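Student: Got a predicted structure here, sequence first:
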Amino acid sequence: MKENLYGLLAEFDTPTELVDAANSVREAGYKRTDAFSPFPIHEIDEALGIKRSILPVLIFFGGLTGTLLGVSLQVFVHYIDYPLNIGGRPYLSWLSFVPPAYELTILLAGFTAVFGMLFLNGLPRPYHPLFNVPRFALATREKFFLLVEASDPKYSYDETRAMLEGLDAQEVFDVPE
Amino acid sequence: MFDRGRFSAPAEVDGLRLPLLGLGGVALIIWLVGLYFDPEQALRSWLMGFVFWAGLCIGGIGLLMLQYMTGGAWGVVLRRIFEACSRTLPLVVLLFVPLAVGVLTHTVYEWTHLPPTDHAIEARGIYLLPWSWVARSIIYFAIFGIMAYLLNDWSARQDRTENYEDAASLLARMSRFSGPAMVVYALIVTFASVDWVLTLDPHFFSTIWGLLFVIGWALATLSFGAMILAYLSDKRPMDDIVGKRHFHDIGKLMLAMVMVWAYFNLSQWLIIWSGNIPEETGWYLTRMESGWFWIGVVLILFHFAVPFLILLQQDFKRRPKLLALLAVFILLMRFFDMFFLIGPTPRINTYGGPQAAFIVSWLDFVAPIAIGGIWLWYFFGQLRSRPLVPGMDPFYDRAVHHGKGH
C-alpha cells in the first residue's frame, strides 16, 4: 500500500481503447475519474458518466439578473429619482428601456459564461499532481490517459492497479501528490 | 450512382393529399359565397392567406439560397423540402389572380378609392396605380421564378451526375449563384411586401418593412420544414438519415430567427416611438386600441417570449416531435402576425362603422384554409416527385453522419 498518492494514471494508444477502458471503470463503480486526450472525444462524457454541466442554468440566471438590473436601473432613474420630460413622452417610457436592458442581459450572461466556466473548471490552476508524471505531457500530442483518483471510495491501490492493467493499458503510473 | 427511387417520400404522403385538396376545395366554395356577399372582406382575408402560404414558397427560395451559402448538415436534410416549397410558385401565381382582379376592379385596398389630390396618391404618382401594381407583381413572380427554376434544375442535374467532380461543380455553381441572388431576393421581397401589405395603409411607411417579411417568411418556412422533417423522421427512407442532432441545429436556427423577428419589429416600433411623428404613430396607435392591443400582446408573448424560452433548452431541440409541435405553434403565430398587419388597415367600405374597428370575419378563417389545403396538396405532390435527400451532394455522407453524433 503506497501512501501520498493522488491517483493512478493509465496510458492508452487510441481513443477507442480509452473509451472502452472508461466504460469498464465506470461499470466497476468508480466515481472520481477523469480522461485526457489531445482532441475532444464526445463519447467520453457518457463513458465516464459525467453529468451535464450546471453552467447553462447559471448563464440563464446571470442573464435574467442583467434584465432585471437594466429595467430597475432605468425605472429608478427615469421614473423615481429624476423624472425628465422628454418630448412629452411618459416618464415610464418602457419601450426605450428595452435596448439597455437587453445589453445588460447579454453582458451578465457573457460574464457568467466565462467566469462560471473558469470557476467550475477550478481554473486558473498553475499546478496539478498529474504534472509529476513526465509522460503525461504526451496528452497534448498523441497519447490518451485515464485517471482514477485516490480519493475515490472504491479505490484501493492493488485492486485498482490490477484492474487498470487488465484494461490493455500501455502502462499504469503512480501519480505522487 | 445515386439510387433515386430508394429515397422518394413514403406513400403515406400521398394519402394526405386528397383530404387536403378536399378541405381546400370545400373552403374555397364557401369563400366564393363570401366573395359574392362581401367582396372586400373576402379579398382581405384572401390576402392574409395568400401572404402566409406564398411566404412558404418565397421563403423556401430564400432558405434554399441561404443553405447553399452557409453549408451545413441542416441544409442538406432540409434542401428537398425547401425545393418542393419553391416549386409551388406556379400555384402561388394562380392564387394571386383574385387579388390582381380585386385591385384592377377597385374592390380591395383603400388607395384604389382615394382621390388624386390625397398627398399619398399625389406623391406616388404612376407607382400606385392598379395596373402598375399588378405589373410589378408579375415582375416579382418572374424573378422568383427564375431563381426557383435554376436552383431546382441544377439540383436535379446533380442527382443524375455519375461522379463526385460533376456533383461538386454543380454545388459550386449553386453557391456562386446564391450570393448575388440573395441580394436581389431581399430587394424583391421588400418591393413585394410593400405592394401587397404596406399599401393597405397608404399613409404609413416603414423602411424596415421588407426585412419583417424576409425574416417572417424565413421563420415560417424553417418551422414548416422542421414540421415536415419530423413527420418523415420515423418513416423510410428518412428514419436512418435524420438524427437528433439535425433537429438540434434546426432548433438553434429557429431560436435565432425568432429573435431576429422580435428585433426587427422592436426596431420599427422603437424608432417610431422615439420619432413621435403623427404620420407614423397612427399605425401603432390603432394597434394599441380595442382587440388589436390584445393581438399585439399575444404576439409579444407567444411569437417571441414563449418560443424563445422554450428554444433555449437543449433537450427540447433534440426531440423531433416536440420541436415540430412548437413549429406548428409558430406557424399559427405567423397568422396572428399577418392579422395584426392586415386587419386594422383602412377599408373602402366600413358599412357606417369606424375605420380600424376590431373585426374578426369568418372569412379570415375560410380563406387561409382554402389556400392552405390547395397549397399543401400541391406541395406534397412536389415533395413526392423527387428524392428526399440530395444523395450525390459532396457533403451528403458527412451531413448524415453529423446527425447521428452526440
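Tutor: Perfect, thanks for sending it.

Student: Contacts only, for whatever residue of the stretch 1-150 of chain B ends up closest to chain A.
Tutor: Closest residue of the stretch 1-150 of chain B to chain A, CB to the nearest CB: B:Ala73 (15.3 Å). Just so you know, the C-beta spots here come from the backbone N, C-alpha and C atoms, and that holds for glycine as well. Applying CB atoms under 8 Å, 6 or more residues apart in numbering or on different chains, we find B:Ala73 in contact with B:Arg245, B:His246, B:Asp249, B:Phe395, B:Arg398, B:Ala399, B:Val400, B:His402, B:Gly403.

Student: what do you get if the cut-off is 10 Å, keeping everything else the same?
Tutor: By CB atoms under 10 Å, 6 or more residues apart in numbering or on different chains, the residues touching B:Ala73 are B:67, B:242-243, B:245-246, B:249-250, B:395-396, B:398-403, B:405.

Student: In this model B:Trp292 seems to touch B:Leu340, though I could be wrong.
Tutor: To be clear, residue B:340 is Phe; Leu isn't right here. Yes: the pair B:Phe340 / B:Trp292 is scored as a contact, 7.0 Å apart, by CB atoms under 10 Å.

Student: ok, and the residue most central in space within chain B, which helix or strand is that part of?
Tutor: Nearest residue to the geometric centre of chain B (CA atoms, centre = their mean): B:Gly55, 2.1 Å. With elements taken from DSSP states H and E, the one containing B:Gly55 is helix B:39-70.

Student: same check, this time on B:Leu285
Tutor: helix B:278-287.

Student: tell me which residues in that helix are buried?
Tutor: Neighbour counts using 16 or more other CB atoms under 10 Å in any protein chain shown place B:Glu280, B:Trp283, B:Thr286, B:Arg287 of helix B:278-287 among the buried residues.

Student: CA atoms only: put it into PDB for me.
Tutor: What follows is helix B:278-287 as a C-alpha-only set of coordinates in PDB (Å, rounded to 0.1, in the frame of the first residue of the first chain):
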ATOM      1  CA  PRO B 278     -48.100  61.900 -36.200                       C
ATOM      2  CA  GLU B 279     -47.900  60.300 -39.700                       C
ATOM      3  CA  GLU B 280     -46.100  57.300 -38.300                       C
ATOM      4  CA  THR B 281     -47.500  56.900 -34.800                       C
ATOM      5  CA  GLY B 282     -51.100  56.400 -36.100                       C
ATOM      6  CA  TRP B 283     -50.200  53.000 -37.300                       C
ATOM      7  CA  TYR B 284     -49.300  51.900 -33.800                       C
ATOM      8  CA  LEU B 285     -52.000  53.900 -32.100                       C
ATOM      9  CA  THR B 286     -54.700  52.000 -33.900                       C
ATOM     10  CA  ARG B 287     -53.000  48.800 -32.900                       C
END
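
Student: What is it packed up against?
Tutor: Secondary-structure packing of helix B:278-287 (3 or more CB pairs under 10 Å, 6 or more residues apart in numbering or on different chains; DSSP states H and E): helix B:244-275, helix B:290-298, helix B:320-342.

Student: Would you check how far apart the closest residue to chain A within the stretch 201-350 of chain B and B:Glu280 are?
Tutor: Residue nearest to chain A within the stretch 201-350 of chain B: B:Trp273 (5.1 Å; CB to the nearest CB). According to CB to CB, to the nearest Å, B:Trp273 stands 9 Å off from B:Glu280.

Student: With B:Leu255 instead?
Tutor: 31 Å.

Student: Would you mind getting the angle between the host helix or strand of B:Leu16 and helix B:39-70?
Tutor: According to DSSP H and E, B:Leu16 maps onto helix B:12-37. Going by axes from the mean of the first three to the mean of the last three CA atoms, to 10 degrees, helix B:12-37 is angled at 150 degrees with respect to helix B:39-70.

Student: Could you verify that A:Glu142 is part of a helix?
Tutor: No: counting by DSSP: H, G, I helix; E, B strand; the rest coil, A:Glu142 is located in no helix; its state is coil.

Student: Poorly predicted segments of chain A, please.
Tutor: The model of chain A has pLDDT under 70 over residues A:1-3.

Student: Of all the helix elements in it, which one is longest?
Tutor: helix A:98-120 (DSSP state H).

Student: Any residue of it touching chain B?
Tutor: Yes: if you take CB under 10 Å from any CB of the partner chain as the test, helix A:98-120 does meet chain B, through A:Val98, A:Pro99, A:Tyr102.

Student: Make TSV from those and add neighbour count to it.
Tutor: Compiled in TSV, the residues of helix A:98-120 next to chain B are given as follows (neighbours: other CB atoms under 10 Å in any protein chain shown):
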residue	neighbour count
A:Val98	17
A:Pro99	13
A:Tyr102	16
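
Student: So which of these is the closest to chain B?
Tutor: Nearest to chain B among those, with distances taken as CB to the nearest CB, is A:Val98, at 6.2 Å.

Student: dump the residue contacts of that closest one.
Tutor: Taking CB under 10 Å, 6+ apart as the test, what A:Val98 contacts is A:Thr67, A:Gly70, A:Val71, A:Gln74, B:Ala262, B:Leu266, B:Trp269, B:Leu270.

Student: I'd guessed the last one sits against A:Arg89; true?
Tutor: No: with contact defined as CB under 10 Å, B:Leu270 does not count as touching A:Arg89 (11.9 Å).

Student: B:Phe340 and B:Trp292: which is more packed in?
Tutor: Between B:Phe340 and B:Trp292, B:Trp292 has the larger neighbour count (other CB atoms under 10 Å in any protein chain shown), namely 20 against 17.

Student: how close does the closest residue to B:Ile295 other than its chain neighbours sit to B:Cys57?
Tutor: Computed as CB to CB, 6 or more residues apart in numbering or on different chains, the closest residue to B:Ile295 that is not its neighbour in sequence is B:Phe340, at 4.9 Å. For B:Phe340, the distance to B:Cys57 equals 22 Å [CB to CB].

Student: Wait, B:Val13 touches B:Tyr231, no?
Tutor: Yes: applying CB under 10 Å as the test, B:Val13 and B:Tyr231 come out as touching, 8.6 Å apart.

Student: Who are the contact partners of the residue nearest the centre of chain A?
Tutor: Central residue of chain A (CA atoms, centre = their mean): A:Asn121, 4.2 Å from the mean position. Residues near A:Asn121 by CB under 10 Å, 6+ apart: A:Ser53, A:Leu55.

Student: roughly how far apart are it and A:His42?
Tutor: 18 Å.

Student: now A:Glu142
Tutor: From A:Glu142 to A:His42 the distance is 19 Å (CB to CB).

Student: burial measure for B:Gly275, as a count.
Tutor: Neighbour number of B:Gly275 under other CB under 10 Å is 11.

Student: repeat for A:Val25
Tutor: Using other CB under 10 Å: A:Val25 sits among 26 other residues.

Student: Once you drop chain neighbours, what's closest to it?
Tutor: Counting by CB to CB, 6+ apart, A:Thr33 is the residue found nearest to A:Val25 once chain neighbours are left out, at 5.7 Å.

Student: Is it correct that the one you found is in contact with A:Asn23?
Tutor: No: A:Thr33 lies out of contact with A:Asn23 (CB under 10 Å); the separation is 11.1 Å.

Student: can you pick the most crowded of the contacts of A:Val98?
Tutor: A:Gly70 (21 neighbours).

Student: Secondary structure element holding that residue?
Tutor: With DSSP H and E as criterion, A:Gly70 is part of helix A:55-75.
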